[in-house]
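**Q** Turn this into a structure:
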Amino acid sequence: QVQLVESGGGLVQAGGSLRLSCSASGRRLRSYAVGWFRQAPGKEREFVAAISASGGRTYYADFVKGRFTISRDNAKNTVYLQMNSLKPEDTAVYYCAADDLLSVSPGGYNYWGQGTQVTVSS
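**A** The predicted model follows:
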């Protein structure tokens, strides 16, 4: 079992940047693929990015390609989401999730963090 904690959210102006972190306790995060998802008020949770356990494979939603980068530092037991060129429509609660296999679906993950709020002002 692994416990996940997100951090790094906040309020930023459009065009700005934030880096989210997903830190793990319990079992080592290096054993898991990790995905980032987001949920805006009144909307379903949607896939943002994912990375394999080794870090060798990454996937991105079309709406973040070229702006967001997912990476991991297994020595620090942490996965990052670097978000650049932020837009007001990126405003949401961002969640990290982990499981044995990489997936772009929320249903593919058993372990979730509590989320961190990202607000982008225009």
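**Q** What segments of this protein are strands?
**A** 2-7, 10-13, 18-26, 33-39, 46-51, 58-60, 68-73, 78-83, 92-99, 111-112, 116-121 (DSSP state E).
**Q** CSV for those strands, including mean pLDDT, distance to residue 105 and mean neighbour count?
**A** Where you see a C-beta, it was placed from the backbone N, CA and C, and this is true even at glycine. Putting these into CSV (pLDDT from 0 to 100; distance: least, Cβ to Cβ, whole Å; neighbours: other Cβ atoms under 10 Å) gives the following:
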stretch, mean pLDDT, distance to residue 105, mean neighbour count
strand 2-7, 95, 17, 17
strand 10-13, 98, 28, 13
strand 18-26, 93, 18, 18
strand 33-39, 98, 9, 24
strand 46-51, 98, 7, 22
strand 58-60, 97, 11, 17
strand 68-73, 97, 16, 18
strand 78-83, 97, 18, 22
strand 92-99, 98, 10, 23
strand 111-112, 96, 13, 18
strand 116-121, 98, 21, 17
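**Q** If the residue nearest the centre of the chain is in a bridge, with which residues?
**A** Centroid check for the chain by Cα atoms, centre = their mean gives residue 36 as the closest residue, at 2.7 Å. As for beta bridges, residue 36 partners with residue 49, residue 96 under DSSP bridges.
**Q** give me every residue that touches it.
**A** Residues in contact with residue 36, defined by Cβ atoms under 8 Å, 6 or more residues apart in numbering, are 20, 22, 48, 49, 50, 70, 79, 81, 94, 95, 96, 97.
**Q** Double-check the fifth one against residue 102; I have them as touching.
**A** Put plainly, it is residue 50. Yes - contact status for residue 50 versus residue 102: in contact at 5.4 Å, counting by Cβ atoms under 8 Å.
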